[in-house]
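Participant: one predicted model, sequence on top.
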Amino acid sequence: MTETAPEIQTCPFCYTEMDARADVCPSCQATKDTTPEWAKRFDIYKTGVIAVIIGLGLMFIDGKGILWWGSPFVLIGGFFLFRAHKFDVSEVLWHRKE
Ligand SMILES: [Zn+2]
């Protein structure tokens, strides 16, 4: 049987050290965002898809041709979709209860 060193995390609000598996700070009750990484990445894709849809909607809204002021949305949305797999979603977020 091998002993592994206990993993420690530090509360970003009160700097209390606690077990890395803890989801709530024992000192200030800040809670860890336990959203899984795939869900965060999915949110990025979703943002991109929504932006592209809004952009395309704006571009074709009158049916008479392309309205180019929708194109920034398409570009931004396309950028999100293109870059989503490179976004760093490993950062752990904490929320402090008021
Ligand atoms: Zn804390």
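Facilitator: On my side now, so go ahead.
Participant: what pLDDT does the nearest residue to Glu37 once chain neighbours are set aside get?
Facilitator: Leaving aside its chain neighbours, Glu37 sits nearest to Val89 (4.8 Å; criterion: C-beta to C-beta, 6 or more residues apart in numbering). Where C-beta positions appear, they are placed from N, C-alpha and C, glycine not excepted. You'll see Val89 listed with a pLDDT of 85.
Participant: now do the SS call for Val89.
Facilitator: Taking DSSP: H, G, I helix; E, B strand; the rest coil as the rule, one finds Val89 in the coil state.
Participant: now for it, how many residues are close by?
Facilitator: If you count neighbours by other C-beta atoms under 10 Å, Val89 ends up with 15.
Participant: ok, now which ones touch it?
Facilitator: With contacts taken as C-beta atoms under 8 Å, 6 or more residues apart in numbering, Val89 has the following neighbours: Glu37, Lys40, Arg41, Ile44.
Participant: which of those residues scores worst on pLDDT?
Facilitator: Lowest in pLDDT among these is Glu37, which has 88.
Participant: as TSV, the contacts of Val89 with neighbour count, distance to Gly57 and secondary structure would be great.
Facilitator: As requested, those are arranged in TSV below (neighbours: other C-beta atoms under 10 Å; distance: C-beta to C-beta, whole Å; DSSP: H, G, I helix; E, B strand; the rest coil):
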residue	neighbour count	distance to Gly57	secondary structure
Glu37	12	30	helix
Lys40	17	26	helix
Arg41	14	25	helix
Ile44	17	20	helix
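Participant: quick one, domains of this structure?
Facilitator: For the chain, automatic domain parsing gives the domain ranges 1-32, 35-91.
Participant: of all the ones you listed, which one comes closest to the ion?
Facilitator: If you check each of those against the ion by C-beta to the ion, domain 1-32 wins as the nearest, at 3.1 Å.
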